[in-house]
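**Student:** Would you be able to build a 3D model of this:
(chains A and B)
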There are 2 protein chains.
Amino acid sequence: MAEPSFSSIHEYIAKREAFINDERTLRREHARLKACSDVEAQADRIIRKIRKEEALTIWSEESDSIPHIFPGMEFLTSRDIIVKTKLFNILTKMPKGALLHAHLDAMVNTRTLLRLALQQPHMHVRVPSVLNSSSIKTMLPEFSVCPEEEWSSLPSLADASYSPGEWVKIQQARRSFPPELGGPQGFDDWVIGCLTINPAEAYGTHRTTDKIWKKFTDTFRVSIGLIRYQPIWSQYIKEFFLASVEDGISYIEARINFGPKTMFNAEGYNIVPGREWVRIFCRVIREVKQEMKEQGRQDAFLGARIIYSIIRIYTPEEMDWYMEECLALKQEFPDIIAGFDLVGHEDSLYPLTHYLPQLLHFQKRQKELGIHIPFIFHAGETLGDGTPADGNLYDAILLETKRIGHGFSLAKHPKLMDICKTKGIAIEMCPISNEILRLTSSMLMHPLPIIVNHGIPVVLCSDDPAVFGNMGLTFDYFQVLVSSELTGLTTLGQIARDSIEYSTLDYETKSKALAVWEKRWHEFCKEVVALGT
Amino acid sequence: MAEPSFSSIHEYIAKREAFINDERTLRREHARLKACSDVEAQADRIIRKIRKEEALTIWSEESDSIPHIFPGMEFLTSRDIIVKTKLFNILTKMPKGALLHAHLDAMVNTRTLLRLALQQPHMHVRVPSVLNSSSIKTMLPEFSVCPEEEWSSLPSLADASYSPGEWVKIQQARRSFPPELGGPQGFDDWVIGCLTINPAEAYGTHRTTDKIWKKFTDTFRVSIGLIRYQPIWSQYIKEFFLASVEDGISYIEARINFGPKTMFNAEGYNIVPGREWVRIFCRVIREVKQEMKEQGRQDAFLGARIIYSIIRIYTPEEMDWYMEECLALKQEFPDIIAGFDLVGHEDSLYPLTHYLPQLLHFQKRQKELGIHIPFIFHAGETLGDGTPADGNLYDAILLETKRIGHGFSLAKHPKLMDICKTKGIAIEMCPISNEILRLTSSMLMHPLPIIVNHGIPVVLCSDDPAVFGNMGLTFDYFQVLVSSELTGLTTLGQIARDSIEYSTLDYETKSKALAVWEKRWHEFCKEVVALGT
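**Tutor:** Below you'll find the predicted structure:
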């Protein structure tokens, strides 16, 4: 702290600098900044220059469709502008390290998913009442595969003869989609609209956390029938891995919702258990690694693991069953099962304390079995102050969570912040998700800078990019970069590095991953410098 | 911190409770909670019960005009609902202690101000071009008094013969306001609209901090001509004090903008210097005290002081002049001049560093003169992270600010938070102001709970209630109360108590004020309990 008075302006300025520096040393990139290579320092300067230029040009061009434009504004309104910026295009090339908070059911572009589904002769669709120009606005399609003997010959979801709830083959439903609803293209748009959140919803009709969560949950009710079908499942995961690699992500810890217990096999029977899902997951990892190797890019993909996840809607007794499954899977796939989590809307579903006996028993069972499945809990994804959702943060930490999913309300907890810092509990921050789900109105109001400035480790995550449109990690890095003067390329580098550091990888693999990342980072910085000169 | 594992659920729950309690002890009301009188504890429970009931009833009744309703929502949209709640009506009776962040030019209801102005034969108004149904949408009235020999006989602002910029008597302008613009009532609405921010502006046309600040600044351009006229000035201050008293405020530190150097005297000459403004301020204090005494309510008003304020637009040399005036005023009115501040839009105007030589010189001059005028700086009223406005926080603290005005970005500064806590630098938080000026979209996103949970002293303030419609302090207390589960009546009590504690009152006066407040608080709690039973 400064002296009470200053003998000269020179003295003041020196003290001021030291004072500010003293606070900045808390930021995790501080050490990095000091030891920064020339090329990284230069790249950082170039990035800041471009950011400044684009703030004054691109981000000041208001229009009738976008009356309020600024860097870090609502993502769904600004996405088309973001992709055209120089900054975004540079960031696409940045090595992002690991993606640590990603719900598998929302990781593949919805148009790609629909394309995969349309190739499946077993895939059917139904609606709860005949489709017409009025009902289409509120009605969700339900997808499922049927075994061949049950294949439908119904002509259309919109036919007067359609009985609510009857299955129609997806291709047939699409072909026969009535011209007044846009024909086949209209079918696609309808389905995509039900799988994604659009700006009119997030910023208009559903402009509160509770309301947008209803729409958000609906998207999963639609997508589950498409994804949880074995032939699609494997293609879907591959698509996810490959697209991630193209975005600079080299390692993934995916949250898979094991709630449904089984998925449909190729023949259309709902009998494929969780262990088979994991087996396919492993096979796809091998395939993608092989593909990368063949392309001479083995450093681009270092693998993936699974965080076993269950929605907070079950009874404690049902939770027991899932925990036993998780233990069994960990024993069968020790390198793949990376953690356990309870997911879903914290404000309205059960808090962690609801499952306290189960959670403690789960830890005990692990000791008995000599295995370790860290909790990696969602906690504090809420605007609450002292609510049960906010209170989940205490339980997550008492239960020794490895990281915290979201931790949006963490800034309200001085003691927990200290613990996260001291014990190295990284916060999986999902800025675009938080904004679309209305925890914050823009990136400028997001608590991320608070957490970063306090020196708590942060990783950036896309959460559910298929629903939000923030595919990959570039969009989230972009939004964070343009919303803070303090944040620079070096900050992003530190966050990317921390995504590996705070992964569940074992020491040796992590060391290798870090070395690979450092090398790629240096190459990236060189590229940025080349661009800027 | 908790042990790594738990032998029983019972043990977990006990540790959890201790863990949470440990964090809660940081909150300033903690000591109060423990030593809480039965009646206060009971009142707190009643308030929580009412809050819960109203959240489920009043705050869930959506309508076409308010499609998204929730406690703590946008103030300008929900004001009419707030005033009807039981909670609000209880809080109007709460003893609020001191009002410590209040800009004098925006402290009196605009309709009252207009009424005062309409009584003044010297008051004139002009517009930059003839008023019609189109120009009225963007044109601001400018008010000023004229000496009798210059009184205007022009018929109307809307007359075809009106020459832009010519003065018209306010009464005449109102009387002749054309029927198509609403007649005299239309005149009033036009003026009020120019003196206040409406929901369509804050949440629609001006929905960014920069844009709403433009409108905000415009309101002062209009009001200055009405307020800075000696006969109105005294009535205005009296109205401010009396209305504050009715809202439970018993002491005020008002920021007065001394920028204009002179105001108009009764005869319409712009020659009344700052020392005369202060003299009138003192006279009104005496009058209001006398009135209170006559009503047997001498405890209701303990006085007022002035924070000498200058907008951050002047050159450093001009600032020298103002500082000398401030020193002179402090010597002449040692009990009235309470501090010095630089005010205005931090994001676009000069940062504190711009005036560094002046600020240090000002401190030196005080030492020479043997007086003390603490800085009470606006700082961090911004969404920035590392911007000059955010950086004002460092300078405020280095320059030993007594309190911080707004400190909206303080949560981004771990070291500064520590200093505020340790040194007892209270944050003058203005939640409704921040929301209307678009630093936060609702109270749920406001950083106040972060600051409170960290144990940093906070006082609640209305900032510019004439412009925002949050007259008194009840609205701000209401918004804070309904936006947090942790916050209860005892929290509000602590904040009110702290408003006296962190005032600039001397030890003896403060002790007396605290004792008076404690007595009134106890009476208030008793009233709440009586209501609840």
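**Student:** Would you quantify the distance from residue A:312 to chain B?
**Tutor:** The gap separating residue A:312 from chain B is 18 Å, by CB to the nearest CB, to the nearest Å. Just so you know, the C-beta spots here come from the backbone N, C-alpha and C atoms, and that holds for glycine as well.
**Student:** Quick check on that residue: phi, psi?
**Tutor:** phi -80, psi 40 (degrees, to the nearest 10).
**Student:** For it, give me its contacts.
**Tutor:** By CB atoms under 8 Å, 6 or more residues apart in numbering or on different chains, the residues touching residue A:312 are A:342-344, A:346, A:349-351, A:354-355.
**Student:** Secondary structure class of the residue nearest to it when sequence neighbours are not counted, three-state.
**Tutor:** Counting by CB to CB, 6 or more residues apart in numbering or on different chains, residue A:312 lies nearest to residue A:349, which is 3.8 Å off, once chain neighbours are set aside. Secondary structure, DSSP: H, G, I helix; E, B strand; the rest coil: residue A:349 is coil.
**Student:** hang on, isn't residue A:349 packed against residue A:311?
**Tutor:** Yes - at 7.1 Å, residue A:349 and residue A:311 qualify as touching, with contact defined as CB atoms under 8 Å.
**Student:** where's the residue nearest to residue A:312 relative to residue A:213, distance?
**Tutor:** Residue A:349 is 10 Å from residue A:213, where distance means CB to CB, to the nearest Å.
**Student:** go on, residue A:160?
**Tutor:** The separation that residue A:160 has from residue A:213, given CB to CB, amounts to 36 Å.
**Student:** swap in residue A:133?
**Tutor:** For residue A:133, the distance to residue A:213 - CB to CB - is 28 Å.
**Student:** Which one's more surrounded, those two?
**Tutor:** Ranked by neighbour count (other CB atoms under 10 Å in any protein chain shown), residue A:133 and residue A:213 place residue A:213 first, with 19 against 11.
**Student:** list the contacts for the more buried one?
**Tutor:** By CB under 8 Å, 6+ apart, the neighbours of residue A:213 are A:345, A:347-348, A:437.
**Student:** Tell me which helix or strand it sits in.
**Tutor:** Assigned by DSSP states H and E, residue A:213 falls within helix A:209-227.
**Student:** What average pLDDT does that helix get?
**Tutor:** Mean pLDDT, computed over helix A:209-227, is 98.
**Student:** Same check on stretch A:51-67?
**Tutor:** Mean pLDDT, computed over stretch A:51-67, is 95.
**Student:** What are the buried residues along it?
**Tutor:** Burial within stretch A:51-67, assessed by neighbour count using 16 or more other CB atoms under 10 Å in any protein chain shown, is assigned to A:51, A:54, A:58-59.
**Student:** Which positions in the stretch 151-300 of chain A make contact with chain B?
**Tutor:** Counting by CB under 8 Å from any CB of the partner chain, the stretch 151-300 of chain A comes close to chain B at A:205, A:207-208, A:211.
**Student:** ok, residues contacting the helix or strand of chain A with the lowest mean pLDDT?
**Tutor:** The helix or strand of chain A with the lowest confidence, counting by mean pLDDT, DSSP states H and E, is helix A:30-34 at a mean of 82. If you take CB under 8 Å, 6+ apart as the criterion, helix A:30-34 is touched by A:24, A:490, A:493-494, A:497.
**Student:** Could you list the domains of chain A?
**Tutor:** Residue ranges for the domains of chain A, per automatic domain parsing: A:87-111+A:221-525, A:121-195.
**Student:** ranking those domains by burial, who's on top?
**Tutor:** domain A:87-111+A:221-525 (a mean of 21; mean count of other CB atoms under 10 Å in any protein chain shown).
**Student:** on that earlier part again, for the least confident helix or strand of chain A, C-alpha coordinates in CSV please.
**Tutor:** C-alpha atoms of helix A:30-34 as CSV (Å, rounded to 0.1, in the frame of the first residue of the first chain):
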residue,chain,number,x,y,z
HIS,A,30,1.9,-12.7,-14.9
ALA,A,31,4.9,-15.1,-14.8
ARG,A,32,4.3,-15.8,-18.4
LEU,A,33,4.3,-12.0,-19.2
LYS,A,34,7.7,-11.6,-17.6
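**Student:** Give me the buried positions along it.
**Tutor:** By neighbour count on 16+ other CB under 10 Å, the buried set for helix A:30-34 is A:32-33.
**Student:** Give the next helix or strand downstream of that helix.
**Tutor:** Where DSSP H and E defines the elements, the next helix or strand beyond helix A:30-34 is helix A:38-56.
**Student:** got the contact list for the helix or strand following that following helix?
**Tutor:** The helix or strand immediately downstream of helix A:38-56 is helix A:75-82, counting by DSSP H and E. Under the contact criterion CB under 8 Å, 6+ apart, helix A:75-82 has outside partners A:58-59, A:66, A:69, A:88, A:197-199, A:202-203, A:432, A:435-436, A:468-470, A:475, A:478-479.
**Student:** Show the contacting residues for the spatially most central residue of chain A.
**Tutor:** Nearest to the geometric centre of chain A sits residue A:463, at 1.7 Å (CA atoms, centre = their mean). With contact taken as CB under 8 Å, 6+ apart, residue A:463 is in contact with A:101-103, A:106, A:430, A:432-433.
**Student:** closest to residue A:520 among the residues you listed?
**Tutor:** residue A:102 (20.3 Å; CB to CB).
**Student:** nearest residue to that closest one other than its sequence neighbours?
**Tutor:** Nearest one to residue A:102, counting by CB to CB, 6+ apart, is residue A:254 at 5.2 Å.
**Student:** ok, back up a step: can you redo the residues of the stretch 151-300 of chain A next to chain B as a markdown table with neighbour count?
**Tutor:** Output for these, formatted as a markdown table (neighbours: other CB atoms under 10 Å in any protein chain shown):
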| residue | neighbour count |
| --- | --- |
| A:205 | 13 |
| A:207 | 16 |
| A:208 | 19 |
| A:211 | 17 |
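**Student:** Greatest separation within these: which pair is it?
**Tutor:** Longest span within these, CB to CB: A:205 and A:208, 10.2 Å.
**Student:** okay, and the common contacts of the two?
**Tutor:** If you check residue A:205 and residue A:208 against CB under 8 Å, 6+ apart, no residue is contacted by both.
**Student:** Buried residues of stretch A:66-84, list them for me.
**Tutor:** Across stretch A:66-84, burial judged by 16+ other CB under 10 Å covers A:68-79, A:81-82.
**Student:** could I get that stretch in CSV with only the CA atoms?
**Tutor:** What follows is stretch A:66-84, C-alpha atoms only, in CSV (Å, rounded to 0.1, in the frame of the first residue of the first chain):
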residue,chain,number,x,y,z
ILE,A,66,-28.2,-4.1,-35.0
PRO,A,67,-28.9,-0.8,-33.3
HIS,A,68,-26.5,-1.3,-30.4
ILE,A,69,-23.2,-2.7,-31.5
PHE,A,70,-20.1,-3.1,-29.4
PRO,A,71,-17.3,-5.7,-28.8
GLY,A,72,-18.6,-8.4,-26.5
MET,A,73,-22.2,-7.8,-27.3
GLU,A,74,-24.9,-10.5,-27.5
PHE,A,75,-23.4,-13.4,-29.3
LEU,A,76,-26.4,-14.5,-31.3
THR,A,77,-26.8,-11.1,-32.7
SER,A,78,-23.2,-10.5,-33.5
ARG,A,79,-22.0,-13.9,-34.6
ASP,A,80,-22.1,-13.0,-38.3
ILE,A,81,-20.0,-10.0,-37.6
ILE,A,82,-17.5,-11.8,-35.4
VAL,A,83,-16.7,-14.4,-38.1
LYS,A,84,-15.7,-11.6,-40.5
